[in-house]
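> What follows is a predicted protein model with its sequence.
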Amino acid sequence: MKANSPTDILVELEDAVAACPLDRCARILSGIVQLLTGSGDRSQELLAGVTDGVLLRLTDRVEAVALVQLSHALAELKAAPPQTLRRLASHDDPDVACPVLLKSPALSTSDLEAIATSRGRRQQLAIAARDLIEPPLTGALVKAGDRAVHLALIGNAGALFSDAGYAALLEKCAGDDELTKALALRPDTPDLVVRKLLSAAPDPDARRQPEALPVSRPEAAASIAPKLPCAADYANARPEIVALNRIGKLNDSTVNRFAIRGETANLFTALSVLSGAPIEIIERVMTDQDCEGLVMACRASRLNWQTTLAILGNRSGTRLSFAERERAQHIFETLLLSTSQWTVRWGEIAANAKGSSRENRGAKMGVRR
């Protein structure tokens with residue numbers, strides 16, 4: 001007996017669907033899915049076009065469970081029945097829509113944009129988790145989505161932002177510390193965006209220091225030593241810093257962010273872990289008016305010059321003068337790594353820091369008494 005060709009089978013199905021019982025429709029649907037998923041790459045696109053009309057009719061006559069299964073199956077296809085795919089993607093039931101929204105490579109950016117602006121959070125979150133999100137779609141999600149969607153986009157390395165997308169996201173970050181921190185720490189966030197985030201962020205110490213001098217007076221700002229973290233701050237920071245170092249992510253980008261954001265406990269702990277120097281030494285070089293010790297600590301931590309410059313420029317709230325910057329860069333470029341590491345761990349800086357630390361501990365003990 002000669003087997004019927006796929007085309008003959010599909011013609012029969014087209015005629016039979018209209019009067020077909022519901023349980024049989026589900027079996028037919030399953031058979032078409034097997035036909036699509038079992039075809040080679042060459043015939044898949046042809047079959048997708050031929051089966052599209054039949055699948056559209058069947059989707060009106062099967063239960064939601066069958067549609068969910070169909071959505072999972074079509075999400076894996078490079079070439080899927082286009083009209084059926086769009087109907088599933090725009091379905092009101094998130095269980096039906098999300099599998100294709102998350103994975104299907106056959107959905108166009110314009111299709112996804114339309115859905116992002118017309119459907120709910122679950123559909124938006126599914127789109128925000130795609131492997132690659134082009135800037136127009138990212139912008140649509142930023143505009144239409146809520147905070148959860150924005151955090152999902154920022155956390156997705158495959159989400160690409162245009163300048164307009166960053167501008168829209170900056171507006172969403174206003175007054176939201178978690179969103180601001182997430183965007184600032186995202187590795188590919190442009191420096192200009194990070195600066196805008198920081199300039200817009202409220203100063204948590206502003207209300208407690210009403211008499212603080214404005215940053216526009218560099219001679220005053222230079223005399224204000226950075227506030228040292230307490231033991232609890234270091235204890236909270238250390239587990240995350242050690243974990244980042246263990247997986248190779250305690251790098252220039254991360255340390256640079258700590259410096260720009262003013263995350264003092266994270267920055268001091270990072271320099272300690274990277275350089276191998278005790279926290280007391282890092283505290284000394286960070287508060288010393290002479291930049292040489294801090295440059296050595298950065299060099300011992302294998303940080304690059306740009307990160308070192310960010311640390312120097314943000315430790316006192318004022319920019320380095322041209323002469324100070326030139327001197328610091330000369331020290332950085334002429335220092336040997338081994339010399340820097342020895343000096344911050346065992347040399348004069350270490351000895352002075354240990355002496356200062358003993359004096360500080362004695363003073364604190366006297367106060368407690």
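Cool, the structure landed.
> C-alpha from now on. contacts and neighbour counts both.
Fine.
> what about R195, distance to I281?
R195 sits at a distance of 29 Å from I281 (criterion: C-alpha to C-alpha, to the nearest Å).
> When the two are compared, which one has more neighbours?
For R195 and I281, the more surrounded residue by other C-alpha atoms under 10 Å is I281, and the numbers stand at 25 against 14.
> Am I right that the more buried one is in a helix?
Yes: I281 forms part of a helix when assessed by DSSP: H, G, I helix; E, B strand; the rest coil.
> Return the helix or strand in the chain with minimum mean pLDDT.
Ranking every helix and strand in the chain by mean pLDDT, DSSP states H and E puts helix 218-221 at the bottom, with a mean of 35.
> immediately after that one, which helix or strand?
helix 231-246 (DSSP states H and E).
> Run through the neighbouring helices and strands of that next one.
helix 264-275 (3 or more C-alpha pairs under 8 Å, 6 or more residues apart in numbering; DSSP states H and E).
> ok, residues contacting the helix it packs on?
With contact meaning C-alpha atoms under 8 Å, 6 or more residues apart in numbering, helix 264-275 is reached by 228-229, 233-234, 237-238, 241-242, 245, 250, 255, 258-259, 277-279, 282-283, 297-298, 300-302, 341, 344-345.
> if we go to 7 Å?
For helix 264-275, contacts defined as C-alpha atoms under 7 Å, 6 or more residues apart in numbering pick out 229, 233-234, 237-238, 241, 255, 258-259, 278-279, 282, 297, 300-301, 341.
> Could you do stretch 153-164 as well?
Taking C-alpha under 7 Å, 6+ apart as the rule, stretch 153-164 contacts A128, A129, D131, L132, I133, E134, P135, T138, A182, L183, R186.
> Buried ones only from the residues you listed, please, as a ChimeraX command.
If you want just the buried ones from these in ChimeraX, going by 16 or more other C-alpha atoms under 10 Å, the selection is:
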select :128,129,132,133,135,138,182,183,186
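> and which of the contacts of stretch 153-164 is nearest E76?
D131 (13.3 Å; C-alpha to C-alpha).
> before we move on, the earlier item: which among the contacts of helix 264-275 end up buried?
Neighbour-count burial (16+ other C-alpha under 10 Å) is assigned, among these, to 234, 237-238, 241, 255, 258-259, 278-279, 282, 297, 300-301, 341.
> Toward the C-terminus from the helix or strand V142 falls within, list the very next helix or strand.
Under the criterion of DSSP H and E, V142 resides in helix 135-144. Using DSSP H and E, the helix or strand that follows helix 135-144 in sequence is helix 147-154.
> Would you mind getting the angle between the next helix or strand after that next one and helix 147-154?
Sequence-wise, the next helix or strand downstream of helix 147-154 (DSSP H and E) is helix 163-173. Angle of helix 163-173 versus helix 147-154, following axes from the mean of the first three to the mean of the last three C-alpha atoms, to 10 degrees, is 140 degrees.
> Report the buried residues of helix 163-173.
Result for helix 163-173 [16+ other C-alpha under 10 Å]: buried residues G165, Y166, L169, L170, K172, C173.
> Kindly reformat the residues you listed as TSV and extend each row with distance to L74 and pLDDT.
Output for the buried residues of helix 163-173, formatted as TSV (distance: C-alpha to C-alpha, whole Å; pLDDT from 0 to 100):
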residue	distance to L74	pLDDT
G165	30	94
Y166	33	94
L169	33	93
L170	36	92
K172	35	92
C173	37	89
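> of all those residues, which two lie farthest apart?
Greatest spatial distance in those: G165 and C173, 12.4 Å, computed using C-alpha to C-alpha.
> Among the contacts of helix 264-275, which pair sits farthest apart?
Using C-alpha to C-alpha, the two most remote members of the contacts of helix 264-275 are D233 and Q341, lying 25.2 Å apart.
> Provide the contact partners of the helix or strand hosting Q69 at residue level.
If you go by DSSP H and E, Q69 is part of helix 64-75. Residues from elsewhere that reach helix 64-75 (C-alpha under 7 Å, 6+ apart): A26, T59, A80, L88, D95, V96, P99, V100, K103, S104.
> Could I get the buried residue list for that helix?
Under 16+ other C-alpha under 10 Å, the buried positions of helix 64-75 are A66, L67, V68, L70, S71, H72, A73, L74, A75.
> again with stretch 296-310
Residues 296-305, 307-310 are the ones in stretch 296-310 that count as buried (16+ other C-alpha under 10 Å).
> what about R122, how many neighbours?
Using other C-alpha under 10 Å, the number of residues around R122 comes to 16.
> now do L271
For L271, the neighbour count with other C-alpha under 10 Å is 27.
> how close does it sit to W342?
From L271 to W342 the distance is 15 Å (C-alpha to C-alpha).
> Per the annotation, how does the chain divide into domains?
According to automatic domain parsing, the chain comprises the domains 1-89, 108-199, 226-368.
> mean pLDDT for these: which is lowest?
Mean pLDDT values for the domains of the chain show the minimum at domain 1-89, a mean of 71.
> ok, so what distance separates V285 from G175?
Counting by C-alpha to C-alpha - V285 and G175 are separated by 34 Å.
> Which one of those two is surrounded by more residues?
Taking neighbours as other C-alpha under 10 Å, V285 and G175 compare with V285 leading, 21 against 12.
> The helix or strand that contains the more buried one - contacts with which helices or strands?
Per DSSP H and E, V285 falls inside helix 279-287. Here helix 279-287 touches helix 264-275, helix 292-300, helix 348-368, going by 3 or more C-alpha pairs under 7 Å, 6 or more residues apart in numbering; DSSP states H and E.
> Good, wrapping up.
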